[in-house]
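1. what would the 3D arrangement of this be:
(2 chains)
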Amino acid sequence: MKRKIYNDLLKILMVLATIITCSIVLFLVIYVMAKGLPNITWELLSTKPSILNNTIGILPDILNTLYIVIATIIIVLPLGVGAAIYLTEYAKNKKIVSIIEFASETLSGIPSIIYGLVGMLFFCEFLGFKTSLIAGALTLVIMNLPTIMRTTQESLKTVPQNYREGAFGLGAGKWHVIRTVVLPGCVDGIVSGCILSIGRILGESAALLFTAGIAHTLNDIINGLSNSGATLAVALYIYAKERGEFGIAFAIAAILLIMTFLINLSASLAGKFLKKRKNI
Amino acid sequence: MKKRKLIESIIHGIFLILGLVTVGCVLLITIYLVVSGLPAIKEIGLFNFLFGKEWASTAENPKYGILPFILTSVYGTCGAILLGVPIGFFTAIYIAKVASKKIKTLVSGAVNLLAGIPSVVYGLVGMLVLVPGIRKLFNIPDGSGLLSAIIVLAVMILPSIIKVSLTALEAVPKEYEDGSLALGATATETYFHISVPAAKSGIAASIVLGVGRAIGEAMAVMMVSGNAPNMPSLFESVRFLTTAVASEMSYSNGLQRQALFSIALVLFLFIMLINTILNLFLKKNKETTK
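-> From the prediction side, this is the model:
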């Protein structure tokens, strides 16, 4: 009897916890969508804020987000993929490998506010970039390096060893093998790393507040990178906390939520693709 | 032939440098935090800085004691763990062992979405739902404070706890469970008495990961905690280590600014400690599931 009560109690707790988790997600999604979607208008998406007309538009923030995503990915890709290739293809010295892996684990544990602070000190002040999108992008490069490294490394490990041996046996040099055999085999890992990084960049605010700044001016990508600019997440914070424009904030939140959903979807698709290839 | 060898070794060198970039970044962050964080501590005095109970950086006689921030961060993190771990733990067991395949995909999808939601969105919803709710429920003048922050943090650490525990629980060899079932234990007893102990270092790692997330979160907490440098109490406006840095950075100068770097250094030391513990558990987990 006692045993049955104990069993039932644990079962109830498990179901209850799962229901709580799911209802939190449901509530968040429904609440943000209900409050945000009605506020998304074409005017909001296609204009910049104007004090004269007293209107708010988030086009500059959308463009800034795009610029910072592009700049970050372009810089982080060669660094991350290169580091992963070094670790799996070249490194023979176990000590160096463990130092690099320790460094990458440390980086992934550091909170974004510390990245923001060091980014401000190093990129904005020491290197003289001032508060600008490029300083923000460089800060995000350091943040996302471990992600790209990890996914590329995982994917490199699935390239069968005998492909490499076959190529070496035919007389190819190491670089040739990497370029023609190894790299094409790990494209999916690189892609899923990029997807994860984009998700992180979209949601990042603490690291960008002091490095990329909070301006809402309209720029093209060249001018944009050297000027200060708020991304969508930073703009959300500014509109909610400092301006009290909750309608705008919810509209941005709804956009971010939809992006998160799309990114998760494509990440799981990429993951499935990777798994399929692993089984062959 | 000689030329080809030369090119190969140059390329090897390039990749080595790319590999060492991460190490350089860690060194850069550490050195910058130490160099910019130490002067203020020296000037204020380590004891006064860490154990001073008052923070009044803009007063005429400025006081730089960060004990309220440290305690708030510690209490806030403990609260979030107390609230988030049981929910995450039981959910993870349910998804890993009980749920049908369909429910499993559905719930894991929901958890992944929760992990991807930007922290400012949590802050926004907390600000407009949680804070007024707490104000009405407890009949206090302002709902923003430690309790709101704890609830927001508990939700934010849920996905880390569920995901890492789930991986550990799924790695438990099926033979262990089959043996227990064959000896007459019920399915539920097997999960809690066999699977959970077998996955314990993974579950411990998930909790430590949650601690790291909670202590490092800035923006969401900033939006719901009220941000006054009080000693921590559930219903009062409080300031965390992270929000202390973020809230004054934009207008600080001189010693005040240096003191903010010192706070970041303290936060960094906390995080490094947590990371070391985390790696310990993860290593153990790898060994036990091998």
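
2. stretch B:25-38 near chain A anywhere?
-> Yes - under the criterion of C-beta under 8 Å from any C-beta of the partner chain, stretch B:25-38 makes contact with chain A via B:25-26, B:28-29, B:32-33, B:36. Just so you know, the C-beta spots here come from the backbone N, C-alpha and C atoms, and that holds for glycine as well.

3. chain center to that stretch, what's the gap?
-> 21 Å (C-alpha atoms, centre = their mean, to the nearest Å).

4. that one - what's its average pLDDT?
-> Averaged across stretch B:25-38, pLDDT comes to 90.

5. so which bits of the stretch 101-250 of chain B are right by chain A?
-> Applying C-beta under 8 Å from any C-beta, one finds that the stretch 101-250 of chain B approaches chain A through B:107, B:109-114, B:116-121, B:123-125, B:127-129, B:155, B:158, B:162, B:186, B:188-189, B:191-192, B:212, B:215-219, B:222-223, B:242, B:245-246, B:249-250.

6. give me the subset of these lying in helices.
-> Here DSSP state H is the test, and those give B:107, B:109-114, B:116, B:119-121, B:123-125, B:155, B:158, B:162, B:188-189, B:212, B:215-216, B:219, B:222-223, B:242, B:245-246 as lying in helices.

7. run through the stretch 1-150 of chain A and note the low-pLDDT ranges.
-> A:52 (pLDDT under 70).

8. residue in the stretch 51-200 of chain A with the shortest distance to chain B?
-> Nearest residue of the stretch 51-200 of chain A to chain B: A:Pro111, at 2.6 Å (C-beta to the nearest C-beta).

9. tally of neighbours for that residue?
-> 24 (other C-beta atoms under 10 Å in any protein chain shown).

10. I'd like the distance between it and B:Ala220.
-> As defined by C-beta to C-beta, to the nearest Å, A:Pro111 lies at a distance of 12 Å from B:Ala220.

11. next: A:Leu66.
-> Counting by C-beta to C-beta, the gap from A:Leu66 to B:Ala220 is 24 Å.

12. got a quick ChimeraX command for the buried subset of the residues of the stretch 101-250 of chain B next to chain A?
-> Only the buried members of those enter the following ChimeraX selection, criterion being 16 or more other C-beta atoms under 10 Å in any protein chain shown:
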select /B:107,110,111,112,113,114,116,117,118,119,120,121,123,124,125,127,128,129,155,158,162,186,188,189,191,192,212,215,216,217,218,219,222,223,242,245,246,249
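
13. in space, what's closest to residue 14 - neighbours in sequence excluded?
-> All of this refers to chain A. Nearest-residue entry for A:Met14: B:Tyr94, 4.1 Å, with adjacent residues in sequence omitted and distances by C-beta to C-beta, 6 or more residues apart in numbering or on different chains.

14. hmm, no, I was thinking of chain B.
-> Closest to B:Ile14 by C-beta to C-beta, 6+ apart is A:Gly82, at 7.3 Å.

15. next, the buried residues of the helix or strand hosting that neighbour.
-> Using DSSP states H and E, A:Gly82 sits in helix A:59-85. By 16+ other C-beta under 10 Å, the buried positions in helix A:59-85 come out as A:59-65, A:67-69, A:71-73, A:75-77, A:79-85.

16. what angle separates the helix or strand just after it from helix A:59-85?
-> On the C-terminal side of helix A:59-85, the closest following helix or strand by DSSP H and E is helix A:94-109. The directions of helix A:94-109 and helix A:59-85 differ by 160 degrees, with axes from the mean of the first three to the mean of the last three C-alpha atoms, to 10 degrees as the criterion.

17. list the contacts of helix A:94-109.
-> A:83, A:86-87, A:91, A:142-143, A:145-147, A:149-150, B:19-20, B:22-23, B:25-26, B:212, B:271-272, B:274-275, B:278-279 (C-beta atoms under 8 Å, 6 or more residues apart in numbering or on different chains).

18. any idea how far it is from the chain center?
-> 20 Å.

19. next SSE downstream of that helix?
-> helix A:112-119.

20. export that next one as CSV, just CAs?
-> Only the C-alpha atoms of helix A:112-119 are listed here, as CSV (Å, rounded to 0.1, in the frame of the first residue of the first chain):
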residue,chain,number,x,y,z
SER,A,112,27.7,38.2,-21.6
ILE,A,113,28.0,41.3,-19.3
ILE,A,114,31.7,40.5,-18.8
TYR,A,115,32.1,40.2,-22.6
GLY,A,116,30.5,43.6,-22.9
LEU,A,117,32.8,45.2,-20.4
VAL,A,118,36.0,43.7,-21.8
GLY,A,119,34.8,44.5,-25.4
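
21. that helix - contacts with which helices or strands?
-> helix A:133-157, helix A:206-209, helix B:2-44, helix B:200-216, helix B:241-248, helix B:254-289 (3 or more C-beta pairs under 8 Å, 6 or more residues apart in numbering or on different chains; DSSP states H and E).

22. now the fourth one: buried residues?
-> Buried residues in helix B:200-216, counting neighbours by 16+ other C-beta under 10 Å, are found at B:201-216.

23. quick one on the thing from earlier: does the residue nearest to B:Ile14 touch B:Thr22 like I think?
-> No - applying C-beta atoms under 8 Å as the test, A:Gly82 and B:Thr22 come out as separate, 10.8 Å apart.

24. can you name the residues that contact the closest residue to A:Lys130 other than its chain neighbours?
-> Of all residues not flanking A:Lys130 in the chain, A:Cys124 sits nearest, at 5.8 Å (C-beta to C-beta, 6+ apart). Shown in contact with A:Cys124 (C-beta under 8 Å, 6+ apart): A:130-132, A:135, A:210-211.
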